[in-house]
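1. Give me a model of this one.
(one chain, ligands or ions: 2)
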Amino acid sequence: MPDDGGKPQSGPIWLDAAAKPFISIEGVTKRFGSFTAVDNVTLKVFKGELFALLGGSGCGKSTLLRMLAGFETPTEGKILIDGQDMAGIPPYERPVNMMFQSYALFPHMTVEKNIGYGLKHENMSDAERADRVKMLIDLVQLGQFAQRKPHQLSGGQRQRVALARALAKQPKLLLLDEPLGALDKKLREQTQFELMNIQDKVGITFIVVTHDQEEAMTLATRIAVMDKGVIRQTGTPTEIYEYPRTKFVADFIGSINQFEGEVKSSKKGFVTVSVPLTNTEMTVPHDRDLPEGSKVAVAVRPEKLTITRKAPAKGVNAVTGTVVDLGYFGKDSLYRIKLASGALVRVNHVNSKRAGEGERVAVWEDKVWLTFDPSSAILLAE
Ligand SMILES: Nc1ncnc2c1ncn2[C@@H]1O[C@H](COP(=O)(O)OP(=O)(O)OP(=O)(O)O)[C@@H](O)[C@H]1O
Ligand SMILES: [Mg+2]
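-> Residues are numbered from 1 along each chain as shown. Ligands and ions are numbered 1, 2, ... in the order given. Take a look at the predicted model:
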């Protein structure tokens, strides 16, 4: 143990190099014939995390989850759960439960029976079993529906039955494959918070697969962004959003404007990029010196651009163009600005002051300037 002067350890567990991961995925590859579905993935997940695997359709999320559950065998690499190598261990002997996207509830059984089903063969008395089921029904707030059958429930209620059933055997690790996939947007948001509350109460480790980036951002302690079987970046929602390391991750998470250009000079933690598309130079912080001429992109989120009708002072990072779209959403407005090159830039303007139609910061056809602080931009080199 490091000498910390007796102070309680602070900071997230994944930054503690000495912390023991609960799940350790080490160089795992899965091939189906000549096709590589999961490509040399290495990942550590810690106890109590709500970890999200995020990526587009077919990128290998479910395959990775199925290997954790034991339904697929890695072609290469190994998986340890709680320090134990999972090679050769069948699904039912792993401290893991998996909730499938289809929920797979038994249609002829009541909510109560569905939840208690997995406890049938557990070594517990009838009273203990009934207590456990009652506790789970309360946890997912289905008390009044205990005697209903799945077809008498809404999608969100069925989802909660599936969750309660998956939690019944008190697994140390719960794998959820698109748990909210069948719900509409509103119910989805509400259920996301329920899922977080439940996870907080039961304290077990969750790995959630989703292709919905907002969902991952809301739910997760950390996110791994997957693409074509590879993990492109792992980090907290803030890290992934504010500091994407590649163009792929930047584009995948939220929307972002990317100004392609070439490094003109690089010094003291700042890189100056000449951007042909806007015929300007932009200076942004970067931790590495990059050789002159390197192809890079300056990436700026729409909410980090300031829109004005007045030309900015020299030396300020800026582009100019014409307002071609304006969407008013009450609390904010979304502008699309067309540059001379034809490229479109998205700007999110928060309507912090109440303004009438004529007083908006800019309207259609206006010629405007978009400026941004160097610290609000990211330099993407790959
Ligand atoms: N049993 C299999 N045999 C052959 N190919 C498979 C098999 N299972 C998955 N694949 C392929 O592996 C790739 C990854 O599949 P996977 O189900 O892991 O994707 P996913 O990220 O979960 O996608 P989605 O978001 O659509 O569910 C896909 O191209 C899929 O066709
Ligand atoms: Mg899948």
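2. Pull out the buried residues from stretch 56-69.
-> Cys59, Gly60, Lys61, Ser62, Thr63, Leu64, Leu65, Arg66, Met67, Leu68, Ala69 (16 or more other C-beta atoms under 10 Å). Backbone N, C-alpha and C define where each C-beta goes, glycine included.
3. Of the residues you listed, which are in range of ligand 1?
-> For ligand 1, the contacts drawn from those by C-beta under 6 Å from any ligand atom are Cys59, Gly60, Lys61, Ser62, Thr63.
4. End to end on stretch 326-334, go ahead and measure it.
-> End-to-end distance of stretch 326-334 (C-alpha to C-alpha, to the nearest Å): 6 Å.
5. tell me the mean pLDDT over it?
-> For stretch 326-334, mean pLDDT rounds to 88.
6. Show me what counts as buried in that stretch.
-> For stretch 326-334, a neighbour-count test (16+ other C-beta under 10 Å) marks Leu326, Ser333, Leu334 as buried.
7. do stretch 89-99 as well
-> Arg94, Pro95, Val96, Asn97, Met98, Met99.
8. doesn't Val350 make contact with Glu303?
-> Yes. When contacts are counted by C-beta atoms under 8 Å, Glu303 is listed as touching Val350 (7.3 Å).
9. So which of the two has more stuff around it?
-> Neighbour comparison, Glu303 and Val350: the larger count goes to Glu303, with 16 against 9 (by other C-beta atoms under 10 Å).
10. need the strands for the stretch 1-150 of the chain, in chain order.
-> Using DSSP state E, counting those that start in this stretch, the strands of the stretch 1-150 of the chain run over residues 23-32, 35-45, 50-55, 76-81, 84-85, 96-99.
11. Point out the most buried one among those.
-> Of all the strands of the stretch 1-150 of the chain, strand 50-55 carries the top mean neighbour count, a mean of 26, counting by mean count of other C-beta atoms under 10 Å.
12. Strand partners (parallel or antiparallel) of that one?
-> On the basis of DSSP bridges, the sheet neighbours of strand 50-55 come out as strand 205-210 (parallel), strand 222-227 (parallel).
13. Restrict that strand to CA atoms and write it as CSV.
-> Provided in CSV are the C-alpha atoms of strand 50-55 (Å, rounded to 0.1, in the frame of the first residue of the first chain):
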residue,chain,number,x,y,z
LEU,A,50,-21.5,0.3,-14.5
PHE,A,51,-19.4,-0.2,-17.5
ALA,A,52,-20.7,0.4,-21.0
LEU,A,53,-19.6,-1.2,-24.3
LEU,A,54,-20.6,1.2,-27.0
GLY,A,55,-20.4,0.8,-30.7
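14. hmm, who's touching it?
-> Under the criterion C-beta atoms under 8 Å, 6 or more residues apart in numbering, residues 45, 61, 64-65, 196, 199, 205-213, 215-216, 219-227, 252 lie in contact with strand 50-55.
15. Now the buried members of those residues.
-> Neighbour counting with 16+ other C-beta under 10 Å marks 45, 61, 64-65, 199, 205-213, 215-216, 219-227, 252 as buried within the contacts of strand 50-55.
16. per-domain residue ranges of this structure.
-> Using automatic domain parsing, the domain parsing of the chain gives 13-248, 255-353+360-374.
17. ok, back up a step: looking at the buried residues of stretch 326-334, which one is closest to Lys295?
-> Nearest to Lys295 out of the buried residues of stretch 326-334 is Leu334 (C-beta to C-beta; 29.3 Å).
18. Show me what the one helix or strand that closest one maps to is in contact with.
-> In this structure, Leu334 sits in strand 332-339 according to DSSP states H and E. Contacts to strand 332-339, defined as C-beta under 8 Å, 6+ apart, come from residues 277-278, 302, 307, 319-327, 344-351, 360-362, 368, 370.
19. Tell me how far the residue in the stretch 151-300 of the chain that ligand 1 sits nearest to lies from Gly229.
-> Closest residue of the stretch 151-300 of the chain to ligand 1, C-beta to the nearest ligand atom: His211 (4.8 Å). Using C-beta to C-beta, to the nearest Å, His211 is found at 15 Å from Gly229.
20. What of Gln144?
-> Distance, Gln144 to Gly229, by C-beta to C-beta: 44 Å.
21. if you count what's nearby, which of the two comes out ahead?
-> Between Gln144 and Gly229, Gly229 has the larger neighbour count (other C-beta under 10 Å), namely 22 against 9.
22. so who does the residue lying closest to that one once chain neighbours are set aside touch?
-> Closest residue to Gly229 apart from its sequence neighbours, by C-beta to C-beta, 6 or more residues apart in numbering: Asp39 at 3.8 Å. Asp39 sits next to Thr29, Gly60, Lys228, Gly229, Val230 when contact means C-beta under 8 Å, 6+ apart.
23. pLDDT added to those, as a markdown table?
-> Output for the contacts of Asp39, formatted as a markdown table (pLDDT from 0 to 100):
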| residue | pLDDT |
| --- | --- |
| Thr29 | 98 |
| Gly60 | 96 |
| Lys228 | 97 |
| Gly229 | 97 |
| Val230 | 97 |
